[in-house]
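> fold the following for me, if possible:
(2 chains)
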There are 2 protein chains.
Amino acid sequence: MSLASSHVAIRFHPPSYDIRVENVPIPEIIHPDDAIVKIHFSGLCGSDLHVYRGHEAVDRIHTCGHEFVGHVVKLGSSFSVHSQRLPALYANLKIGDKVVCPFTTSCGECRVCRSGFTCRCIQNKLFGSPALEGAQAQYVRVPNAGGTLFNLSDPETWPLSTPKQVSDSSLLLLADILPTGIFAAIQALSHPKVSPILTATPWPLHDQTFSDTPGLFPKENLPTFAIIGLGPVGVCATISLLDQLGKRQLPSGFRIVAVDPIKSRRNKMRSIYCKVCDPEVRSCEIFEIQSIEEAKETVRTWTSGVGCSAVLEVVGNNSALTLAYELVQPFGTISSVGVHGERPFPLTGGQLYDKNVSFDFGRCPVRSLFPMAFDLLIKRQDIFGGVGDESGLIDRIVGFDEAVEMYAAFDKGEVGKIVFDPWKKT
Amino acid sequence: MSLASSHVAIRFHPPSYDIRVENVPIPEIIHPDDAIVKIHFSGLCGSDLHVYRGHEAVDRIHTCGHEFVGHVVKLGSSFSVHSQRLPALYANLKIGDKVVCPFTTSCGECRVCRSGFTCRCIQNKLFGSPALEGAQAQYVRVPNAGGTLFNLSDPETWPLSTPKQVSDSSLLLLADILPTGIFAAIQALSHPKVSPILTATPWPLHDQTFSDTPGLFPKENLPTFAIIGLGPVGVCATISLLDQLGKRQLPSGFRIVAVDPIKSRRNKMRSIYCKVCDPEVRSCEIFEIQSIEEAKETVRTWTSGVGCSAVLEVVGNNSALTLAYELVQPFGTISSVGVHGERPFPLTGGQLYDKNVSFDFGRCPVRSLFPMAFDLLIKRQDIFGGVGDESGLIDRIVGFDEAVEMYAAFDKGEVGKIVFDPWKKT
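Residues are numbered from 1 along each chain as shown, chains lettered A, B, ... in the order given. Next comes the predicted model:
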């Protein structure tokens, strides 16, 4: 298949606040493991703003964006039938396949990838950075395409394929924010310090130290969680936490407080909660959406001052980390998926020791979470599928002609999640 | 039973370096949940030096020490047959029972205790601090005795009772250092980020993202661990890690590097390793004892620069935390049982995000770990049972007449683990 020689892309020009829509050469295969993807939709994400605002000292012009859904138009020689490459990763991807892509590349072959930690692949590159041209464009080159792309057309890779009722724009949420929200929830719920309260078995679990004591986990001692930050990722984390806890059918129920200082975000979360709360589990589910000071008081009251079993930190600054420490119980865990900068850490080793706190930091291994994220995307099309709904996650779908304006409006918090259609004509 | 009115105790006088052996009144029952224990042996621990050196700004004269083994001589009214107290905790303890005690008290009834996190009981007190008189004495008062003491005489609580071959002085190691070492190892091995390499199942474990890839966990990709600090707790952590990994019978084996800058500690660890290495598992076990720079190079070579699956930090200062960060792989975990002070944390949120690091901080819930620690104590009497052996953990058993001299020598690193026999006449 032959392509035109140039395409349209949204490009960042250093040092800051300079976004231009430009014609640039269409990316080419430069390594046998590469794929070229024609983009259906690409997203504007909160972390694009780090570069836009000049916070990351980027000194190279590059194409922005790290969320996209599209289809494969070219493949490197590793994907040919004569290739000696690993079959599962490199034999199943074909020209024309519909794909969704994590915000980072992953080879699928290194020690780190094989453990499932794909976002820290030893070759990982972040789309829309000086290291790799981004996806706010008509075409994008995907390095290590076999280990990176999630193939929605291959019935072997994904037996359900893409159900008809799943909207194309919602697939974009699989690239970053939905799996990152799920990641925040999984890290919290799978931590060994949270297991005792979920399983009514005292740590270290195989032991029965106090288990013959009556009232081991009394009804008033409910698993209690806080989510700090109700931007798009925080909303996804909340939906995922409710979903995962709901599936566990805890006999005593659970309690969640979702925290954000911004009223409009709390209102959005309320609209969404009205849809996701399951009448069957709601009877044993206590859910509050509050400001910071309200949440501190709520956790104090709920837990008699002890604190939350786990806190999900979805902001990425020192105020959020400090609040998480304040809300978490002794032997609690903090799942931190916010992108943190180089400022001094706001807690001392002494504070962490004194409360036996656990922390899980870092970015989501999106590639490994795709199947789980896709399940939730299908289940919650009422939230993820719409555009511009009061209880939807995507605010608007726009063409590139609105790119400059949308970056500025998104930077000022005047619009929600923006999706670009790179083929839209005005 | 009537006791004499005074007993001998080792007392700390503020502000620093002032230890005196004094006659003071024997402690009395002051709460129905109290027990009075007559002490057989009490230990001198590295953390006693924090107070001794004046680092903790203690302004009250108090009896030192938080490790002891002894027998019950008095019980509060909660333990009587007419009491309404919880049977398991308060009915099984009797006058004359032999007991060993964690370094902190625990009620056994609060939300935190019932989850197994006994050292952060909402009523917890540390022995040998201004909050609670210590155990370097002939008698000690134990608050919340039902939830705190581990009863070695009760066949219901502990079916094995104390086997004859277990030395009395070695029981003292159950109060702090042996369970703390086990705690460091358990936190590392039970972390969800370490599970993939131990089970050859990619994270998030229930998923099979890359599992049909041949050579998922190749033989050269061994589970790799580092232990930082080979003082008595570090030695216990190493023994426990070897023991726990040995039991798993990993088909591919594992690698451990144990790190300490002090040569005498490395030599001690070598003598001990000669005893604990199991010929049956040794064939698949790679174990090195090295200085800091050697260990960095070893981990680089072993893992092609990726890093350790988990690092056990058993020191409690910023150099150790920084080294742990350097040695750990992306998506690795750091199990930190060192006692940290109030200095600024040596890592930024950005560094933690960039490597997807997990941390578990804090003190050991000794009460919950007693059964596991007792098992290991019995199994490894060759290490724990002796006194003054090259490969033993206890250096000397002395009377109180040597207390002042022993504190000074221990402070200077001139002696190893010291145990006091409060009844020894010179």
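
> for the stretch 51-200 of chain A, what lies in contact range of chain B?
Within the stretch 51-200 of chain A, the residues that sit near chain B (C-beta under 8 Å from any C-beta of the partner chain) are A:86, A:88-89, A:108-109, A:111-120, A:122, A:147, A:186-187, A:190-193, A:196-197. For every residue, glycine as well, the C-beta is placed using N, CA and C.

> next, the distance between the ends of stretch A:183-199.
Its first and final residues considered, stretch A:183-199 spans 21 Å by C-alpha to C-alpha, to the nearest Å.

> I'd say A:F68 and A:V142 touch.
No. Between A:F68 and A:V142 there is no contact under C-beta atoms under 8 Å: 9.3 Å.

> give me the common contacts of the two.
Common neighbours of A:F68 and A:V142, using C-beta atoms under 8 Å, 6 or more residues apart in numbering or on different chains, are A:37, A:101.

> now do the phi/psi pair for A:A35.
Dihedral pair for A:A35: phi -130, psi 150, per degrees, to the nearest 10.

> let me know the pLDDT of A:D207.
A:D207 is assigned a pLDDT of 47 by the prediction.

> same check, this time on A:G246
Model confidence at A:G246, given as pLDDT, is 88.

> just A:L178 next, same as before
As predicted, A:L178 sits at a pLDDT of 97.

> please apply the same query to the one 5 residues further on.
Turning to A:F183, the model gives it a pLDDT of 98.

> of the residues of the stretch 51-200 of chain A next to chain B, which qualify as buried by neighbour count?
Using 16 or more other C-beta atoms under 10 Å in any protein chain shown as the burial test, these include A:86, A:88-89, A:108-109, A:111-120, A:122, A:147, A:186-187, A:190-193, A:196-197 as buried.

> narrow those to those in strands?
Assigned to strands by DSSP state E, none of these qualify.

> show me what counts as buried in stretch A:69-77.
For stretch A:69-77, a neighbour-count test (16+ other C-beta under 10 Å) marks A:69-70, A:72, A:74-76 as buried.

> take those residues and keep only those in helices.
Among the buried residues of stretch A:69-77, DSSP state H puts none in helices.

> so which of these comes closest to B:D48?
Using C-beta to C-beta, A:V69 is the member of these that lies nearest B:D48, at 61.7 Å.

> now check stretch A:223-239, is it near chain B?
No. Stretch A:223-239 is not in contact with chain B by C-beta under 8 Å from any C-beta; minimum separation 10.0 Å.

> take stretch A:237-244, keep the C-alpha atoms, and write them as CSV.
Output of stretch A:237-244 as CSV, limited to C-alpha atoms (Å, rounded to 0.1, in the frame of the first residue of the first chain):
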residue,chain,number,x,y,z
ALA,A,237,-9.7,4.6,39.5
THR,A,238,-13.0,5.1,41.4
ILE,A,239,-15.0,3.1,38.9
SER,A,240,-12.5,0.3,38.9
LEU,A,241,-12.3,0.2,42.7
LEU,A,242,-16.1,0.1,43.0
ASP,A,243,-16.1,-2.6,40.3
GLN,A,244,-13.4,-4.8,41.9
